[in-house]
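here is a sequence together with a model predicted from it:
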Amino acid sequence: MSQSTDDFIRSSGNLAYVNTWLKLIGLVLLLSNIVLGGVLLARIIEGRTERVVPIVINNSTGDAVPVDYAVVDAAGEQRSPVEVRKFSQDLLEDLYTYNRFTVRTKLESLIQWTTPEALIQVKDAINLAHRSEIIARNAQGVFELSNFLITESQPLLKVQMHFRAKALAQTGEVLEEGQFLAVLVIRPVKRSRRNPHGLIVIEYHQSVFKEKS
């Protein structure tokens, strides 16, 4: 067999060997990409899934603190009055404690505490157009809860809140002040990290409070 034939066979063998390894490396890279893509997809789905979490309630303050990601269904759990008060007060504080930098964030946070219908009622009650005019003057809102009462506890929670709301200028001057009565109808839902109290407002009604002479 001639030398040129041996060289041809040798080069063909080397080429086949290299091609085999290239195919193997390509297969490994393809499998790695598939695995990584699956992991990434699982993380995205997991991130969008609202987990139900166990909650510890501070009975003195009403704060609800999520503990872990272990699953627990707290939808049927009876809420203590102090927790209902804390939830309701936090919601009203988000409505009436504001400045030009936080007002949008506070309103957006209400989405996880209210149904779409109740959110419309809330926005109507605070008069967003007038609120925008006040905020344009660099005002800040102040909220003060005067009285809280749970009027119904079954099957839904119904609470009444008497409160004062002020709009203060940067100089401390009171631009406007009022007393209001808010009635909230609240439904218990599953606790979650986004909503540790496991409560959601399904109706919101607000009126100006007038003291009887």
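Happy to help now that I have it. Quick caveat: nothing in here was measured; it's all calculated off a predicted structure. Residues are numbered from 1 along each chain as shown.

name the helix or strand for the closest residue to residue 115 other than its chain neighbours, please.
What sits nearest to residue 115 in space, not counting adjacent residues and going by CB to CB, 6 or more residues apart in numbering, is residue 202, at 5.1 Å. The way it works is simple: take the backbone N, C-alpha and C, and place the C-beta from them, glycine included. Under the criterion of DSSP states H and E, residue 202 resides in strand 199-208.

now that strand: buried residues?
199-201, 203-204, 206 (16 or more other CB atoms under 10 Å).

what pairs with the strand ranked longest in the chain, parallel or antiparallel?
The longest strand of the chain (DSSP state E) is strand 174-188. Note on strand 174-188: by DSSP bridges, its sheet partners are strand 157-168 (antiparallel), strand 199-208 (antiparallel).

can you put those strands in CSV and add distance to residue 26 and mean pLDDT?
Shown next, in CSV, are the strands paired with strand 174-188 (distance: least, CB to CB, whole Å; pLDDT from 0 to 100):
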stretch, distance to residue 26, mean pLDDT
strand 157-168, 62, 92
strand 199-208, 52, 94
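
ranges for the strands of this structure?
Secondary structure of the chain by DSSP E: the strands cover 55-57, 64-66, 140-152, 157-168, 174-188, 199-208.

what mean pLDDT would you report for the second one?
What it means is strand 64-66. What strand 64-66 shows for mean pLDDT is 66.
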